[in-house]
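Student: below is the structure, and that's it, no one-letter string:
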């Protein structure tokens, strides 16, 4: 596989078009309370409703290329613990950033906040490794297809955009839910 | 119609680029795009054989990227350096390195001579006097120098003689919607500091200046008109004479951003009749870290300094200082000496090649670019249409494929282009885009390189699986 083909794997090109979760309106910020006005201020969880759901929102911009994403994510009770219940976004950017957001959106629902954080941490480490680190395919699932990006330092920020937004939105969601760093 | 070319203004190369006609106040206006020498019918464009010889002078062009010969189409961002420029800088450090305008020892004298000879060479290249050319770090620093000097005048520094540069509430600074951020933000900030208002000349859908709007916006309140000679995105050439005439009628000072014209067109700032102009060395075969500001002598000597410190004073007490005349007044601290020497070598290289021949060559390459790229389905070239006046660059949008992906695909083939907003976000927004891909040529660019780019761009939408309609499959 040529360098270019390893960067733009078929899975990535497909995700860049499917854009799973690329429907921000599906998760109105208002659903969990009033929207924060500042860029990444989340909303107060609607206390007393099903399982104390908290929603967070994050807007991330890559000033170098203008790639942009607004991502919302909800955390609620699932079984004995907490889990990401929904993730939706709107964005504009290159195939790498859009595919990355799409893959993340398919992976995240059902993950515990701790598990999502662990996945984001590994993904970041992988992206910054300049290709020296092997992807943990079990942890990253489809996102392992983005491993090729690590060899293109100029594109790492594209791949990271949605993940940074998710990390930020998760923090907001938990704060709004009234759940501290319990997990 | 703005910017439409006269049919009979064709150059010997078959390209109509010397004279454009613009409508101004309802009447057609003829405008020379540069100096009168520009229209010299005896001069021909550089041909492919000459370009191949020129390439031998540029070591960086000899390399391969991803196993393919480097195709460098990003000279609009930074140009490459011929050996003579690299050698000039090295020779300075090996033979004459010393501080300038201080010290009486042998090397100090030689370094000062080299530094001032360089100023004279570059000043002559743009048609101005030696003492009208100020060294700066780059064009951005030059525009900030002007804005901060005007800002200092606005708070009463330099007294009555600087009053003509002072801005206050009710005054206006006029720019255009196509400016590079470097010729926009310093003016935004100047207005913020002084209470003046920033206005801009809007563009039409094709990206040309709406001159009837310019005429309406230019009023007695307009104190400064700042605009680019040629857009770094559109590749058009703005009608300097029309705009200068409008500014003169209302008494506004004219600042010309010549970053994209000084490297590519024969230039004479006196003939263009602008008050100030800026350009950058690294875009015209020179090193990074050097640029220049041109200012009319009587203006520069009435302006307060921006940066203050050593080497720009006559007498200093513990309370105050008196300043040298221009250019030293604006050159505080140790200057980019070796860079100035190397920039002079760059300018000599360009002069020996012949700026008119360079410009004609690049106009041909620009037409080759716009014609080839426009013919590809789903590719939209920004700025002038094929056959209309254009410099040697073309920025384009590939429907359904982000500019970064376009750039990545081309890089894999060894083709270097610029992707993004090219420091012109408002312009891209006006054209309905956030980013584009730009291919920009120079005197070392071959016709084959342009063709390689066009062939590669034609394959991009199929590679990314974008269907003919522009929608993704």
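Tutor: Cool, the structure landed. No experiment lies behind these values; they were computed from the predicted model shown.
Student: would you mind listing what in chain B touches chain A?
Tutor: With the criterion set to Cβ under 8 Å from any Cβ of the partner chain, chain B comes near chain A through B:66, B:401-405, B:408-409, B:412, B:419-421, B:425, B:434-435, B:463-465, B:472-473. Glycine gets a C-beta too; all of them are placed from N, C-alpha and C.
Student: let's see the ChimeraX selection covering just the buried ones among those residues.
Tutor: Applying 16 or more other Cβ atoms under 10 Å in any protein chain shown to the residues of chain B next to chain A, the buried members can be selected in ChimeraX as follows:
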select /B:401,402,403,404,405,408,409,412,419,420,421,425,434,435,463,464,465,472
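Student: so where's chain A uncertain?
Tutor: Applying pLDDT under 70 to chain A flags the ranges A:1, A:30-51, A:178-183.
Student: pull out the buried positions in stretch B:208-217.
Tutor: B:208, B:209, B:210, B:211, B:213, B:214, B:215, B:217.
Student: what of stretch B:193-203?
Tutor: Under the neighbour-count criterion of 16+ other Cβ under 10 Å, stretch B:193-203 has B:194, B:196, B:198, B:199, B:200, B:201, B:203 buried.
Student: who's in contact with the residue nearest to residue B:383 when sequence neighbours are not counted?
Tutor: Of all residues not flanking residue B:383 in the chain, residue B:234 sits nearest, at 3.2 Å (Cβ to Cβ, 6 or more residues apart in numbering or on different chains). By Cβ atoms under 8 Å, 6 or more residues apart in numbering or on different chains, the contact list for residue B:234 reads B:178, B:207, B:382, B:383, B:384, B:395, B:427.
Student: against chain A, how distant is the residue of chain B most remote from its centre?
Tutor: Using Cα atoms, centre = their mean, the residue of chain B lying farthest from its centre is residue B:318. It sits 41.2 Å away. Between residue B:318 and chain A the computed distance is 44 Å (Cβ to the nearest Cβ, to the nearest Å).
Student: can you give me the distance of the residue nearest to residue B:383 to chain A?
Tutor: 18 Å.
Student: phi and psi next, for residue 103.
Tutor: All of this refers to chain A. Per-residue torsions, residue A:103: phi -60, psi -50 (degrees, to the nearest 10).
Student: buried ones in the helix or strand hosting residue B:298?
Tutor: Using DSSP states H and E, residue B:298 maps to helix B:297-300. Neighbour-count burial for helix B:297-300 flags B:299, B:300 (criterion: 16+ other Cβ under 10 Å).
Student: next one: stretch B:324-332
Tutor: By 16+ other Cβ under 10 Å, the buried positions in stretch B:324-332 come out as B:324, B:326, B:327, B:328, B:329, B:330, B:331, B:332.
Student: name the pair among the residues you listed with the greatest separation in space.
Tutor: Across the buried residues of stretch B:324-332, the longest distance by Cβ to Cβ is 12.5 Å; it joins B:326 and B:332.
Student: pull out the buried positions in stretch B:279-290.
Tutor: By 16+ other Cβ under 10 Å, the buried positions in stretch B:279-290 come out as B:279, B:280, B:281, B:282, B:283, B:284, B:285, B:286, B:287, B:289, B:290.
Student: from one end of it to the other, what's the distance?
Tutor: 9 Å (Cα to Cα, to the nearest Å).
Student: now stretch B:439-458
Tutor: End-to-end distance for stretch B:439-458, by Cα to Cα: 14 Å.
Student: got the buried residues for it?
Tutor: Buried residues in stretch B:439-458, counted by 16+ other Cβ under 10 Å: B:439-446, B:449-450, B:452-454, B:456-458.
Student: apart from its neighbours in sequence, what residue is nearest residue 105?
Tutor: Let's take chain A. Of all residues not flanking residue A:105 in the chain, residue A:21 sits nearest, at 2.6 Å (Cβ to Cβ, 6+ apart).
Student: hm, I was asking about chain B
Tutor: Counting by Cβ to Cβ, 6+ apart, residue B:105 lies nearest to residue B:98, which is 7.4 Å off, once chain neighbours are set aside.
Student: show the contacting residues for residue 145.
Tutor: By default, I'm working from chain A. Contact partners of residue A:145, counting by Cβ under 8 Å, 6+ apart, are A:9, A:11, A:12, A:103.
Student: ah, no, chain B please
Tutor: Residues near residue B:145 by Cβ under 8 Å, 6+ apart: B:134, B:136, B:293, B:306, B:307, B:330.
Student: hmm, 10 Å instead?
Tutor: By Cβ atoms under 10 Å, 6 or more residues apart in numbering or on different chains, the contact set of residue B:145 is B:134, B:136-137, B:186, B:276, B:278, B:291, B:293, B:295, B:303, B:305-307, B:330-331.
Student: state the pLDDT value of residue B:24.
Tutor: Listed pLDDT for residue B:24 reads 52.
Student: what do you get for residue B:42?
Tutor: Residue B:42 is given a pLDDT of 81.
Student: gap between it and residue B:357?
Tutor: Computed as Cβ to Cβ, to the nearest Å, the residue B:42 to residue B:357 distance reads 11 Å.
Student: of the contacts of residue B:234 - the most surrounded one?
Tutor: Highest neighbour count within these, by other Cβ atoms under 10 Å in any protein chain shown: residue B:395, with 34 neighbours.
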